[in-house]
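Asks: no sequence on this one, just coordinates:
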């Protein structure tokens, strides 16, 4: 596979890189394993000093790092800066909390004195991280911050269209004083997963990406008895009930669907609106989408970015045509997007049959699916009809009602009166075909540690 930076706004191929050889992949694993042998013995308080230094560098050079994101995948510069700031928050979360979250835990066990049974958390070793292009820094930090705190090291295979983002992350930790090999980038081919996960020095795998990629790589991990975590696609429901603040819901829906040009796993992709406010919501939502301004992502006035590549735009166009062929109403909204760049005209789909492929498909871009529901029960039924279960939102003035419905949604996350969010101190992950495992806070920290029981006793007798 070819690794190259292609500016989505201009179409210019800025820089390309050779795919790693088998020997280079092995060297990357060796470097990460060598670093692990010392890093695992480094006190947590010293490990997180590296994270703090990395956060300091990002804070000092926010615009510089953000510009790499905009160059490689077309992210609006303001959103790129927000991504860098989110990374800072994640790093500093573990600076503040990792030592306590990794502290030994005394268990109360029958027949033992207090303190005789202790649970300790030890790192596993080298991890293989396969990350996507839509949040090139955040995705690396989301796995890196907790696992570096835990004492693990990482071999990183990033998406082929963000090679300079991958190198920037590797260089960041090097500059922060990490041992050489803590984070090793490798421009590996897809086939390299067999070599990497078959290596006994590699102890686990974390992947964020498509269903197909997740299934393929997780099967290799399973074959080699390696633990894996998967964060895959999403088609998050955005439920609007009759007592909701419609203007607020519309504003959040426009943002939630078009943030990062709609290229977000937990984007608000399916807007489910009850009868009582459906017409009002759709009219106002259409106007909100039409007001988006497509243009140069480095221009602060731009509110709709190009997609990450022309290929992504072409794939999305095929899905829209599929929706049209299945009888969905297809409406293009707003002024025509620029011909230059990988832009996609914002599109609204309505009257979507629930047994259609459209209703079961993730549209990764500025295409909105809007469903009409007669009541709460039907809204939940529509929401749960998706094969995905990442996140969801409920808009209502009744908190008790929202909590009741939240328990009925088959998802990993539910937010009230705002889209599914991404926060430095809130866990992330889904159910069903959205994957398994959790990232961030202590849940992410403990995904790749050995919870070892240490028992101290000289009691005579038998079990």
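Replies: Cool, got the structure. Treat the numbers as computed from the prediction; the structure is a model and nothing was measured.
Asks: Tell me which other helices or strands the helix ranked longest in the chain touches.
Replies: Ordering each helix of the chain by length in residues (DSSP state H) puts helix 77-101 first. Using 3 or more CB pairs under 8 Å, 6 or more residues apart in numbering; DSSP states H and E as the contact criterion, the neighbours of helix 77-101 among helices and strands are helix 44-60, helix 62-73, helix 138-150, helix 441-445. In short, each C-beta sits where N, CA and C put it, glycine included.
Asks: Would you mind giving those helices as a markdown table with mean neighbour count added?
Replies: Supplementary listing: those in a markdown table, determined by neighbours: other CB atoms under 10 Å:
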| stretch | mean neighbour count |
| --- | --- |
| helix 44-60 | 18 |
| helix 62-73 | 21 |
| helix 138-150 | 27 |
| helix 441-445 | 20 |
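Asks: any chance of those helices in TSV, with distance to residue 113 and mean pLDDT too?
Replies: Shown next, in TSV, are the helices and strands packed on helix 77-101 (distance: least, CB to CB, whole Å; pLDDT from 0 to 100):
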stretch	distance to residue 113	mean pLDDT
helix 44-60	27	98
helix 62-73	52	98
helix 138-150	29	98
helix 441-445	27	97
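Asks: Mind putting these into a markdown table with distance to residue 116?
Replies: As requested, the helices and strands packed on helix 77-101 are arranged in a markdown table below (distance: least, CB to CB, whole Å):
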| stretch | distance to residue 116 |
| --- | --- |
| helix 44-60 | 24 |
| helix 62-73 | 49 |
| helix 138-150 | 25 |
| helix 441-445 | 24 |
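Asks: Next, the nearest residue to residue 17 once chain neighbours are set aside: phi, psi?
Replies: Across the structure, with CB to CB, 6 or more residues apart in numbering as the measure, the residue nearest residue 17 apart from its sequence neighbours is residue 3 (4.2 Å). According to degrees, to the nearest 10, the main-chain angles of residue 3 amount to phi -100, psi 120.
Asks: Residue 3 and residue 164 touch, don't they?
Replies: No: contact between residue 3 and residue 164 fails when scored by CB atoms under 8 Å: they sit 9.5 Å apart.
Asks: low-scoring stretches of the stretch 101-250 of the chain, by residue?
Replies: Across the stretch 101-250 of the chain, not a single residue meets the criterion (pLDDT under 70).
Asks: can you map out the strands along it?
Replies: Secondary structure of the stretch 101-250 of the chain (DSSP state E, counting those that start in this stretch): strands at 105-107, 117-123, 126-130, 153-157, 183-185, 202-208, 227-231, 237-240.
Asks: Parallel or antiparallel, list what pairs with the fourth one.
Replies: The reference is to strand 153-157. For strand 153-157, the pairing partners within the sheet under DSSP bridges are strand 126-130 (parallel), strand 183-185 (parallel).
Asks: Give me the residues contacting the last one.
Replies: For strand 183-185, contacts defined as CB atoms under 8 Å, 6 or more residues apart in numbering pick out 28-29, 31-32, 140, 144, 148, 153-156, 158, 166-167, 169-170, 173.
Asks: So what's the gap between that strand and the chain middle?
Replies: 19 Å (CA atoms, centre = their mean, to the nearest Å).
Asks: can you check stretch 303-319 too?
Replies: With CA atoms, centre = their mean, you get 19 Å for stretch 303-319.
Asks: Distance across it, terminal residue to terminal residue?
Replies: Distances were taken as CA to CA, to the nearest Å; on that basis the terminal residues of stretch 303-319 are 23 Å apart.
Asks: Can you give me the buried ones in it?
Replies: Residues of stretch 303-319 classed as buried by neighbour count (16 or more other CB atoms under 10 Å): 303, 304, 305, 306, 307, 308, 309, 312, 313, 316, 319.
Asks: which residues sit in contact with the first one?
Replies: The reference is to residue 303. With contacts taken as CB under 8 Å, 6+ apart, residue 303 has the following neighbours: 76, 258, 291, 292, 293, 294.
Asks: Low-confidence bits of the stretch 351-463 of the chain, can you list those?
Replies: Applying pLDDT under 70 to the stretch 351-463 of the chain picks out residues 458-463.
Asks: so how far is residue 288 from residue 268?
Replies: Residue 268 sits 12 Å away from residue 288 when distances are taken as CB to CB, to the nearest Å.
Asks: Among these two, which residue is more densely surrounded?
Replies: In this comparison of residue 268 against residue 288, neighbours counted by other CB atoms under 10 Å, the higher total goes to residue 268 at 30 against 20.
Asks: Quick check: the more buried one touching residue 238?
Replies: Yes: in this structure, residue 268 sits in contact with residue 238. The criterion is CB under 8 Å, and the distance is 4.0 Å.
Asks: overlap in contacts of the two?
Replies: 252, 253, 256, 257, 393, 419.
Asks: Out of these, which sit inside helices?
Replies: Those of these lying in helices (DSSP H): 252, 253, 256, 257.
Asks: for these, which one is nearest residue 180?
Replies: Compare each of these with residue 180 using CB to CB and the shortest gap goes to residue 256, at 41.0 Å.
Asks: Many thanks, we can stop here.
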